[in-house]
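In: Please work out how this folds:
(chains A, B and C)
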Amino acid sequence: MDIARDLHIPLDAEAAFQRQRELARELDLSSPTRPPRLIGAADVAYAKDGSDEAYAAVVVLERDTLRVIDRADWVGPPAFDYLPGLFALREAATLVEAFKKLSTRPDVVLIDGHGIAHPRRFGLACQLGLTFGVPTVGCAKKRLCGKAEPLGPLHGSRARVLDKGETIGYALRTQDGIKPVWVSPGNGYDHASAVDLIMSVRGEYRIPEPLRQAHNASVELRAAAVEANG
DNA sequence: GCGACAG
DNA sequence: ATCTTGTCGC
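Out: Below is the predicted model of the structure:
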């Protein structure tokens, strides 16, 4: 799967900000044309010691069974230090390499981070959506920007996230009495479809099952590397 | 000027 | 993200 498009994101922070604003205009935020059957998810773990090593994992699950049917990974150094709002500079390249090794083409990929719920409306999920050429949805564990309206205590409760008068995403309760996750379109999705998708694969934990599997895969990848080396 | 700040 | 110490609950 080597259809990765080069977005030409500069490594200079200010130039990268500007490029994010440009690329945000290319996003397709309409509802997906067909219901997804194969759900991908991507996550990255990092070395516990100081070594500059990233462990990227992408998995593909069948939506009906929530079973993993494909996985791919990549290990190597991240290109950039983490900076809020420039998360993709650090994480995107590693996930692209893993994604290219996938033998299956998912209908949508869940990303551990924000989509348009981002200061310049171009979070990691947006960048990967354009790069992969596959629809993406962002599902973050914490808010980056904007303000959420109050939401109910039960699973399925949701509240708009507003930033500068604009709806940029939803806080979504995936389980009763558990902290919400933060859902926003990456590319090829609208708000309502993104929230519906997360609810349809929420599984039994706060983190939706595909992302939980991707997280496990990246952590296991790191464990295997420690096993092999030092 | 003072916080806030995906992973 | 990762580390850290203890605590609460199934």
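In: Which strands or helices does whichever strand or helix holds A:Gly40 pack on?
Out: If you go by DSSP states H and E, A:Gly40 is part of strand A:38-46. Applying 3 or more C-beta pairs under 8 Å, 6 or more residues apart in numbering; DSSP states H and E, we find strand A:38-46 packed against strand A:54-62, helix A:87-100, strand A:108-111, helix A:209-228. C-betas here are computed from N, CA, C, even on glycine.
In: Near DNA strand B, which residues of chain A? Just list them.
Out: Within chain A, the positions near DNA strand B by C-beta under 7 Å from any atom of the strand are A:43-44, A:82, A:84-88, A:112-114, A:118, A:123-125, A:138, A:140-145.
In: still on that earlier bit, most tightly surrounded among the helices and strands packed on strand A:38-46?
Out: strand A:108-111 (a mean of 30; mean count of other C-beta atoms under 10 Å).
In: quick revisit: right, so of the helices and strands packed on strand A:38-46, which gets closest to DNA strand C?
Out: Closest approach to DNA strand C among the helices and strands packed on strand A:38-46 (C-beta to the nearest atom of the strand): helix A:209-228, 6.4 Å.
In: Bridge partners for the spatially most central residue of chain A, pull those for me.
Out: The centre of chain A sits closest to A:Ile111, judged by C-alpha atoms, centre = their mean, with a distance of 1.2 Å. Beta-bridge partners recorded for A:Ile111 (DSSP bridges): A:Ala42, A:Gly138.
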